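Peer 1: Take a look and give me a structure for this.
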Amino acid sequence: MTDSKYFTTTKKGEIFELKAELNSDKKEKKKEAVKKVIASMTVGKDVSALFPDVVNCMQTDNLELKKLVYLYLMNYAKSQPDMAIMAVNTFVKDCEDPNPLIRALAVRTMGCIRVDKITEYLCEPLRKCLKDEDPYVRKTAAVCVAKLHDINAQLVEDQGFLDTLKDLISDSNPMVVANAVAALSEISESHPSSNLLDLNPQSINKLLTALNECTEWGQIFILDCLANYMPKDDREAQSICERVTPRLSHANSAVVLSAVKVLMKFMEMLSKDLDYYGTLLKKLAPPLVTLLSAEPELQYVALRNINLIVQKRPEILKHEMKVFFVKYNDPIYVKLEKLDIMIRLASQANIAQVLAELKEYATEVDVDFVRKAVRAIGRCAIKVEQSAERCVSTLLDLIQTKVNYVVQEAIVVIKDIFRKYPNKYESVIATLCENLDSLDEPEARAAMIWIVGEYAERIDNADELLESFLEGFHDESTQVQLQLLTAIVKLFLKKPTETQELVQQVLSLATQDSDNPDLRDRGYIYWRLLSTDPVAAKEVVLAEKPLISEETDLIEPTLLDELICYIGTLASVYHKPPSAFVEGSRGVVHKSLPPRTGSSESAESPEAAPSAGQAAEQPAVIPAQGDLLGDLLNLDLGPPVSGPPLAASSVQMGAVDLLGGGLDSLLRSDVGGSPAMGGGGGFAAPGPAVPAGVGAPLGSGLGDLFDLTGGVGTLSGSYVAPKSVWLPAMKAKGLEISGTFSRQVGSISMDLVLTNKALQVMSDFAIQFNRNSFGLAPAAPLQVHAPLAPNQSVEISLPLNTVGSVMKMDPLNNLQVAVKNNIDVFYFSTLYPLHILFVEDGKMERQMFLATWKDIPNENEAQFQLKDCSLSADAVSSKLQGSNIFTIAKRNVEGQDMLYQSLKLTNGIWVLAELRIQPSNPTLTLSLKCRAPEVSQHVFQAYDTILKN
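Peer 2: Numbering: from 1, shown residues only. Have a look, this model is predicted:
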């Protein structure tokens, strides 16, 4: 008899009877009863009232019964947390059971019970299971750590489970290694700042060894982890590639795609001259082709990934055109994707084959597919010049079929062919004009109007043709209206005498009768051009047009590089980075490919300064200082750029007048720092990827506590000003932002309070800074984990770094900020106190201090009075030290104390100070010397603020 009997019942007091059966002495009866309970639970009946009775059944040696009870527990522990505590004792006992299956079952269930109250009781059993002698138990315990971390991250960190997980990476059993990697990857994805998977050549070696013996899912975890590793040089990259290549022949397509991802990433580091590089290209093609023999859904995913791979390295599949030919029984989504890849692979060598195929496709019955095939013919003409003539004749044949949608698509692509090859194929215009009446789609109508206007001098009845379109001007779509306006103006400039009335008519229709601002503005511009300076109008409207490029739908290179890092994930199917579609994407890390070997940024020096030639190519448009909208309006408010911290300590004193030429020079390589990332535009894309550990942004959580940047040992208690309102709610549609800046243990943060004073929920927050004097930029995205409900506030500490773009501001410490949410983008500016930029290694050697003080010219010395400060010299010294102003020496001259102090800013500028304190006088005298005198006033303000608070 099957288990279906448990789902049928004729009894009345069901719960009561089940209770009696659960407490029965007979084992068989107990088991039957638990099965009935699970059956009821499965069909959605509430059997939580039986909780204590079911939990009593846990004390059994029968594995089947235990599994059923555990299943029940997982389901109801959340709604009955107090009862669930009763089961803890059994868990602890089961974790010491001689049978490893039971130990593993107990750990697995513990991880699935998401009740905060219970978690601390489970730490001891989990710790034992992580060290269990049976690998099956260890691998289950590894996953349990990740589950526990999701419930209570702090507890897991305090209990040291993360370190145990790291140790499991060196385990002798490959499955344990794979699960440890999976757990660590999962945890580090939700906490991107913690550098948990600290990979080095030794641990990579262990992972590669485990790779051969894992289950398929274990292999995927390990390969994904390898893809995040940055090899130190091309030899290491090659050896990893050699050991990953065998995975390409795996039966599971997910393993194949993960292996392809690793190889595509590390190929960046291999020189193209290597024999191995050529071998690897040859090895990558067969597995990708094999993926196309799977079922359609898998084919589609494979094709979306191949689309990315072909854009990055077309040479991999250049000889495999035939596998992308469409089969008659392919679903439409596979057909369209194959077409796309065919065009990407089209070249002079295979164009004849491709055109013959496309011509066949254009006679199919599937409308979408036929349209795309006709477009594809046009794209081939533009891509492979030698084939243009054949493409045009093929398109003309298709127009002769008089199939409406084929004709319309053909006209759209012929317009592009005219743009690519002017004065070559215009003889076909007559054929196109014959089909004017059949055009009913906006894009085709606009294309035809453009052709008539552009070649008006070759078409005798151009004015009649355009007039026929003008009759229903108001019913046309905007695209057609704009095109018609331009075409008639072109016609007028070519044949002024015959078309005066026509141009008057269209200009009045566009400017007086239309409520579309684009159309109105274009109409007015033409009107004014024609009325004031017809010669200029001719030069503008009939100017030479640039040739169109080959492929307009290529993915933008930096995005493509990022998507290559996500091969085999949803991002590679959407062709969007995860941050674009992951809800509340807490800590989606932007990935990028390693720098190419053989280019100026070699793998050894990721921060290699750009050569003069490269620098010259950067756009040199710097908006005037204070032009807030200049940079901020064209922001893509994505996650911020983080690059390598400035190597400021290598600044030569006396080498440069740092601020002399404006702060722009600060980030150039002549200051011993690293080049400004991206240069030019205020928020350029990150430069070459920096290996982990070189450029971990300051304040990267756990990672930084153990490797304090600059070897700082003291906990710096820098003065933090109280929060003030930066953006009032009335200026930001109900969003109020107040905040302050702080510096702790070498990392700067902006402490914000966001308050929603509007009536609607706010979400999708992001933040960006304009360029500023010290390159302050967010080191992480603005993370507001839950939507902000009306009248709610949320406190956020946003870590900052100083590797953003630099532009001298007035005042020097002015920071212009843009904040975006689902409602709008808002702008404000605030002044940051300079002492947040005082670094922890700002204490100068005595001899160096004396030499530098003499070396800085006297006109750079500035004197200030600090009033109402009645502190002793020692109190002043210790207070300032908290904010990284270090006392180097103290002398007593004629009864007054003299303190000699130094401090260093994040960009490597040193400031030297002499502070004079008289015992009974509350006014202190401060002399500051610095190679950048414009800093002195702000350093004085910092002294004043710190000493008076």
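
Peer 1: Any figure for the gap between Q768 and Y827?
Peer 2: To Y827, Q768 is 10 Å away according to Cβ to Cβ, to the nearest Å. Where you see a C-beta, it was placed from the backbone N, CA and C, and this is true even at glycine.

Peer 1: Quick check: I306 touching P287?
Peer 2: No - using Cβ atoms under 8 Å, I306 and P287 do not qualify as a contacting pair, with a distance of 10.8 Å.

Peer 1: Those two: who's more crowded?
Peer 2: The neighbour comparison of I306 against P287 (other Cβ atoms under 10 Å) goes to I306, with 30 against 20.

Peer 1: In whichever strand or helix holds the more buried one, which residues are buried?
Peer 2: Counting by DSSP states H and E, the element that carries I306 is helix 296-312. Across helix 296-312, burial judged by 16 or more other Cβ atoms under 10 Å covers 299-312.

Peer 1: and which of those is nearest to L223?
Peer 2: N305 (14.2 Å; Cβ to Cβ).

Peer 1: Grab the nearest non-local neighbour of the closest one.
Peer 2: Spatial nearest neighbour of N305, excluding adjacent residues (Cβ to Cβ, 6 or more residues apart in numbering): S572 at 5.0 Å.

Peer 1: following the helix or strand that contains N205, which helix or strand comes up?
Peer 2: Following DSSP H and E, the helix or strand that holds N205 is helix 201-211. As assigned by DSSP H and E, the chain's next helix or strand after helix 201-211 is helix 216-227.

Peer 1: Specify which residue of Q768 and Y827 has the higher count of neighbours.
Peer 2: Under the neighbour definition other Cβ under 10 Å, Q768 and Y827 were set side by side, and Q768 has more, 25 against 16.

Peer 1: I'd like a version of the buried residues of helix 296-312 in JSON lines, one that adds distance to L509 as further columns.
Peer 2: Below are the buried residues of helix 296-312 laid out as JSON lines (distance: Cβ to Cβ, whole Å):
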{"residue": "Q299", "distance to L509": "51"}
{"residue": "Y300", "distance to L509": "47"}
{"residue": "V301", "distance to L509": "50"}
{"residue": "A302", "distance to L509": "52"}
{"residue": "L303", "distance to L509": "47"}
{"residue": "R304", "distance to L509": "45"}
{"residue": "N305", "distance to L509": "50"}
{"residue": "I306", "distance to L509": "49"}
{"residue": "N307", "distance to L509": "44"}
{"residue": "L308", "distance to L509": "46"}
{"residue": "I309", "distance to L509": "50"}
{"residue": "V310", "distance to L509": "47"}
{"residue": "Q311", "distance to L509": "44"}
{"residue": "K312", "distance to L509": "48"}
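
Peer 1: tell me which element the most centrally placed residue in the chain is part of?
Peer 2: Of all residues in the chain, the one closest to the mean position by Cα atoms, centre = their mean is H590, 3.7 Å from it. Assessed by DSSP H and E, H590 sits outside every helix and strand.

Peer 1: just A913 next, same as before
Peer 2: With DSSP H and E as criterion, A913 is part of strand 910-917.

Peer 1: helices or strands up against the helix holding N205?
Peer 2: helix 174-190, helix 216-227, helix 234-244 (3 or more Cβ pairs under 8 Å, 6 or more residues apart in numbering; DSSP states H and E).

Peer 1: So, low pLDDT: which residues of the protein?
Peer 2: 1, 4-13, 192-195, 550-552, 584-589, 596-717 (pLDDT under 70).

Peer 1: about what we covered before: pull the residues that contact the helix holding N205.
Peer 2: With contacts defined as Cβ atoms under 8 Å, 6 or more residues apart in numbering, helix 201-211 is touched by 169-170, 174, 177-178, 181, 218-219, 222-223, 225-226, 229, 232, 236, 240, 243-244, 247.

Peer 1: Many thanks, I have nothing further to ask.
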